[in-house]
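Visitor: coordinates for the following, if possible.
(chains A and B)
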Amino acid sequence: MQLFENQPLKIYNSLSGKKEVFTPLSKGHVGMYVCGPTVYSNVHLGNCRTFMSFDMIFRYLRHLGYKVRYVRNITDAGHLVDDADDGEDKIAKKARLEKLEPMEVVQRYTVDFHNILDQFNFLPPSIEPTATGHIIEQIEIVKDILAKGYAYEVNGSVYFDVATFNETNEYGKLSGRKLEDMVANTRALAAQDEKKNPQDFALWKKAEPQHIMRWPSPWGDGFPGWHLECTAMSTKYLGETFDIHGGGMDLKFPHHECEIAQAEACYGHSPVRYWLHANMLTMNGKKMAKSTGNNILPGEIFSGENSILSKAFTPSVVRFFMMQAHYTSILDLSNDALLASEKGYQRLMEALTTLPKLTVGTKTDFDIVAWKQGCYDAMNDDFNTPILIAQLFEAVKRINLVKEGKETITAADITLLKESINAFVFEVLGLENERASGVDSNKLGGVVELLIQLRMEARANKDFATSDKIRDQLAALGIQLKDGKDGTTFTVA
RNA sequence: GACAAGGUGGCUGAAUGGUUAAGGUGGCAGACUGCAAAUCUGUUUUUUACAGGUUCGAAUCCUGUCCUUGUCUCCA
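Guide: Numbers count the residues shown, from 1 in each chain, chains lettered A, B, ... in the order given. Next up is the predicted model:
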């Protein structure tokens, strides 16, 4: 019996605007697709938040016992810069600026992307397909849509005919838009002459002679439109209908709307059963943008080399910070917020270290089974990680009360509590105990222990000048001594 | 301008009709300490942007105003 059989999960579906009971298409299996990054620059911190939300969701589904096929693509071609640029590929443009081959750019930033996600302790997706690796599949879809009358070819490019599609289907149902409104509000762009209507979007674009990334097709040399790859790859690996499609809120329109249109045109039915959208990350109350300088890279947070934060923060602290907000809420990053999260994270980890060392009692003053279910209830309610963390701190408080001798806990309950906390902290939230990789075994540890010994002797002799000198000089080196009832410990900053 | 999501304490952030509005952090007090720091415990602050309305009862529903973020053109 798997956990999911008695832990009913509810998910907020962006398509219906309601929380719905999650029932996968095929029992015990979940297909999940998440729109991955366009690898033309360093991965954006806001980007990381979205992927982290789905990493957590992936983790929890697995924890519940589902076999999950998680597909997250790499967009390495296909995004147009804008129409005025005659459809120059975003990747190709960057390549020209840096005098690099397009695939060299792709390689560089794919490596950066994986490197950052690895530091954040992401689980790798089951499949990480690339757009350029699925050109044939994309061409097949274009042919199919053309054959079904929902697209038209103009001068080597193929466009999706939104107006025709809207006669039989509902274009805009995901983002709450109506085609008539869009028609009324669309600005007329010069280069859109080819299209029948401004709302039509490209399925295939003709490549101009100078365009580097190009592939042969029935309509001449060109490259795929940017909504197409997700339809091609999700269908190929998850089927014409699959359970979960995720992405950032900003992709709702037009990207996900177009995905729905493409799939409905092609297969005659809606492709996705549960649409999930993660919300944005702001910084100091404003949107993050390179142009305004209100921007920070993940690596700059880890190294502390930035002009926005007062110190460096570890990936786990940033992860904990993000997990303290619900994935559908806008989250604001600031120095104060990170400092607060760091403190809380450390307190949680401290309690985890304390737990196995607790004195065993004959009874437990707290209902661990009910507490554990409280953790599941939080997660089952649309992955409510802030409530889960609040619940974890309830356990922290109990652990500390036992430590202080104010409450007791049995050996069996220590084991149960430890297993439960570890499952939620490490397996589901994906945090890492950075303190665990201590310095005890290395030479520095031995040296500090010696100094602690000398300081203890000095204090016993009431030679506080010497004891304070040891304490303060070590502090200046970033080694903090902590005097407790049972002796002195230390941490290295 | 249109559409979407929001506006909760010093900061961060849960709770969508029902007893004292969760948790983290900060402040304050106590314990510990030679003194600090660290740690632990207790405690404190908001009446939920603003103005109306519905209801026995609203942060939660409705109307209007102001503001923020997103989308409408590449973007998580």
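
Visitor: helix, strand, or coil at A:Ala77?
Guide: With DSSP: H, G, I helix; E, B strand; the rest coil as the basis, A:Ala77 sits in coil.

Visitor: now do the SS call for A:Gly246.
Guide: Following three-state DSSP, we place A:Gly246 in the strand state.

Visitor: ok, now which ones touch A:Leu61?
Guide: When contacts are counted by C-beta atoms under 8 Å, 6 or more residues apart in numbering, A:Leu61 touches A:30, A:32, A:68. C-beta here means a position set from N, CA and C on the backbone, and glycine is covered the same way.

Visitor: if we use 10 Å, what do you get?
Guide: By C-beta atoms under 10 Å, 6 or more residues apart in numbering, A:Leu61 lies in contact with A:4, A:9, A:22, A:24, A:30, A:32, A:67-68, A:70, A:243-244, A:383, A:428.

Visitor: now those in CSV, with neighbour count, distance to A:Ser307 and secondary structure?
Guide: Below are those laid out as CSV (neighbours: other C-beta atoms under 10 Å; distance: C-beta to C-beta, whole Å; DSSP: H, G, I helix; E, B strand; the rest coil):
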residue, neighbour count, distance to A:Ser307, secondary structure
A:Phe4, 20, 46, helix
A:Leu9, 20, 42, coil
A:Phe22, 21, 43, coil
A:Pro24, 21, 46, coil
A:Val30, 24, 43, strand
A:Met32, 26, 38, strand
A:Lys67, 14, 46, strand
A:Val68, 21, 40, strand
A:Tyr70, 26, 36, strand
A:Asp243, 24, 43, strand
A:Ile244, 25, 39, strand
A:Phe383, 26, 34, coil
A:Val428, 23, 35, helix
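
Visitor: between those, which is nearest RNA strand B?
Guide: The nearest member of these to RNA strand B, counting by C-beta to the nearest atom of the strand, is A:Phe383 at 10.0 Å.

Visitor: wait, which of the contacts of A:Leu61 is closest to A:Gln473?
Guide: Using C-beta to C-beta, A:Val428 is the member of those that lies nearest A:Gln473, at 41.8 Å.

Visitor: cross-check the contact I'm expecting between the closest one and A:Gln391.
Guide: No: counting by C-beta atoms under 10 Å, A:Gln391 is not a contact partner of A:Val428; they are 11.9 Å apart.

Visitor: what is in contact with the two at once?
Guide: By C-beta under 10 Å, 6+ apart, A:Val428 and A:Gln391 have these common neighbours: A:375, A:379.

Visitor: where does chain A have low pLDDT?
Guide: By pLDDT under 70, the low-scoring segments of chain A are A:78-88, A:95-99, A:184-193, A:435-442, A:493.

Visitor: got the residue ranges for the helices in the stretch 201-350 of chain A?
Guide: A:228-238, A:257-267, A:298-303, A:315-323, A:335-354 (DSSP state H, counting those that start in this stretch).

Visitor: reformat these as JSON lines; add distance to RNA strand B and mean neighbour count.
Guide: Below are the helices of the stretch 201-350 of chain A laid out as JSON lines (distance: least, C-beta to the nearest atom of the strand, whole Å; neighbours: other C-beta atoms under 10 Å):
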{"stretch": "helix A:228-238", "distance to RNA strand B": "9", "mean neighbour count": "24"}
{"stretch": "helix A:257-267", "distance to RNA strand B": "9", "mean neighbour count": "23"}
{"stretch": "helix A:298-303", "distance to RNA strand B": "12", "mean neighbour count": "18"}
{"stretch": "helix A:315-323", "distance to RNA strand B": "7", "mean neighbour count": "23"}
{"stretch": "helix A:335-354", "distance to RNA strand B": "2", "mean neighbour count": "17"}
